[in-house]
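Student: Got a sequence here, can you build the structure:
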Amino acid sequence: MLGKALSRGRKGQAATEYIIIAGFVFFALVMTITLLGKYGSETFDDITDAQLQQICHDVVDMSESVYYMGFPARQTKEFTFPKGIRNITIARNDPAGGCTLCTEIRFTVSRQGMKQYISCTTNIVINSSDLDRARTPGLKKVRAVAGEQGNIWLNWTS
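Tutor: Next up is the predicted model:
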């Protein structure tokens, strides 16, 4: 009789230990998934920022190159635009952006309800059309064309 009671007690102890171990494994799994999700979204944001920064600098470099070649120079480059671009603006002499005698290309990106700006500046005059078309993700062609008055026109096409 005593032997049967001890064997039932050991089975109960084993079941309790199993539940405790399963609880620790479940907790570790939930924490790992949470951390991976958090760092995964941050990595995606960092990649998007790096892509937009590179596009911005390449567009400015291309525009300056065409500017210094003069009229009727033109140059076209292809870029892969990432998801998440909310707006693209080209502002001249904008003191709010810290740019008093220059042109600033500014990408607006939404991050969890907040706006983030990625911008670069140049000392040449840049004009543009079709900026709404440039906001969509995917492969885009950007053409810089030198104008007769020393300004640059950017055309954005899909």
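Student: can you map out the helices along the protein?
Tutor: 2-69, 131-134 (DSSP state H).
Student: Give me the contacts around the lowest-mean-pLDDT helix or strand in the chain.
Tutor: Within the chain, no helix or strand scores below helix 131-134, which has a mean of 74 by mean pLDDT, DSSP states H and E. With contacts defined as Cβ atoms under 8 Å, 6 or more residues apart in numbering, helix 131-134 is touched by 81, 85, 88-90, 140, 142, 156-158. Quick note: C-beta positions are derived from backbone N, CA and C, even for glycine.
Student: center of this protein, which residue is that?
Tutor: Thr48 (2.1 Å; Cα atoms, centre = their mean).
Student: Please tell me how far it sits from Ala146.
Tutor: Separation of Thr48 from Ala146 (Cβ to Cβ, to the nearest Å): 31 Å.
Student: and if you look at Gly113?
Tutor: 41 Å.
Student: So for these two, which sits in the more crowded spot?
Tutor: Comparing Gly113 with Ala146 by neighbour count (other Cβ atoms under 10 Å), the higher total belongs to Ala146, at 22 against 5.
Student: what sits opposite that one in the beta ladder?
Tutor: Ile152 (DSSP bridges).
Student: Surely it is in contact with Ala73?
Tutor: Yes - counting by Cβ atoms under 8 Å, Ala146 touches Ala73, with 4.5 Å between them.
Student: Just give the closest residue to Cys56, not the sequence neighbours.
Tutor: Excluding its sequence neighbours, the residue lying closest to Cys56 (Cβ to Cβ, 6 or more residues apart in numbering) is Cys120, at 4.3 Å.
Student: Report the contact partners of that neighbour.
Tutor: 53, 56-57, 60, 104-105.
Student: which of the residues you listed are buried?
Tutor: Buried by 16 or more other Cβ atoms under 10 Å: 56, 60, 104-105, out of the contacts of Cys120.
Student: okay, now the closest residue to Gly138 other than its chain neighbours: neighbour count?
Tutor: Among residues not flanking Gly138 along the chain, Phe81 sits closest, at 6.2 Å (Cβ to Cβ, 6+ apart). Neighbours of Phe81 under the rule other Cβ under 10 Å: 22.
Student: again, but for the one 4 residues further on
Tutor: For Ile85, the tally of surrounding residues (other Cβ under 10 Å) stands at 19.
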